[in-house]
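A.B. asks: sequence unknown, structure follows:
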């Protein structure tokens with residue numbers, strides 16, 4: 001399994017400007033082969049911080065996602081915000097452990 005964590009720092013209120021693009025992206029991505037979890041959130045304490053949490057079955061599934069038309073549309077919407085920073089990290093997970 002591959003876990004991807006994305007953090008985007010934007011101007012305050014930017015999340016509202018891309019809300020429709022986010023909803024379209026989430027819905028389309030959640031139906032992709034290999035997608036286990038795909039969720040956007042705005043940090044409660046810092047409204048300039050947008051997070052994306054993803055879980056994928058494989059790196060091949062992520063590559064297919066990155067090449068999808070809805071990803072290209074979404075990337076244009078995010079680029080229009082002129083993010084202050086973008087941090088993307090992926091982790092290969094050998095096994096998942098329940099903590100609760």
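C.D. replies: Right, received. Where do you want to start? Nothing here was measured: the structure is a model prediction, and the numbers come from that model.
A.B. asks: alpha carbons only for contacts and neighbour counts from here, please
C.D. replies: Will do.
A.B. asks: residue 1 and residue 96: what is the separation?
C.D. replies: 9 Å (CA to CA, to the nearest Å).
A.B. asks: quick one: the helices in the protein?
C.D. replies: Using DSSP state H, the helices found in the chain span residues 14-17, 19-30, 59-66, 69-80.
A.B. asks: tabulate the ones you listed in JSON lines, adding columns for mean pLDDT.
C.D. replies: Rendered in JSON lines, the data for these read as follows (pLDDT from 0 to 100):
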{"stretch": "helix 14-17", "mean pLDDT": "78"}
{"stretch": "helix 19-30", "mean pLDDT": "87"}
{"stretch": "helix 59-66", "mean pLDDT": "96"}
{"stretch": "helix 69-80", "mean pLDDT": "87"}
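A.B. asks: wait, which of those helices is closest to residue 100?
C.D. replies: With CA to CA as the criterion, residue 100 lies closest to helix 19-30 of the helices of the chain, at 24.8 Å.
A.B. asks: tell me what that closest one is packed against?
C.D. replies: In terms of contacts (3 or more CA pairs under 8 Å, 6 or more residues apart in numbering; DSSP states H and E), helix 19-30 is packed against strand 35-42, helix 69-80.
A.B. asks: most packed of these?
C.D. replies: strand 35-42 (a mean of 17; mean count of other CA atoms under 10 Å).
A.B. asks: helices or strands up against that strand?
C.D. replies: Strand 35-42 sits against helix 19-30, strand 49-56, with contacts defined as 3+ CA pairs under 8 Å, 6+ apart.
A.B. asks: which of these is buried the deepest?
C.D. replies: Most buried among the helices and strands packed on strand 35-42, given mean count of other CA under 10 Å as the contact rule, is strand 49-56, at a mean of 19.
A.B. asks: for that one, what is the average pLDDT?
C.D. replies: In this model, strand 49-56 has an average pLDDT of 94.
A.B. asks: each with direction, which strands does that strand pair with?
C.D. replies: strand 2-9 (antiparallel), strand 35-42 (antiparallel) (DSSP bridges).
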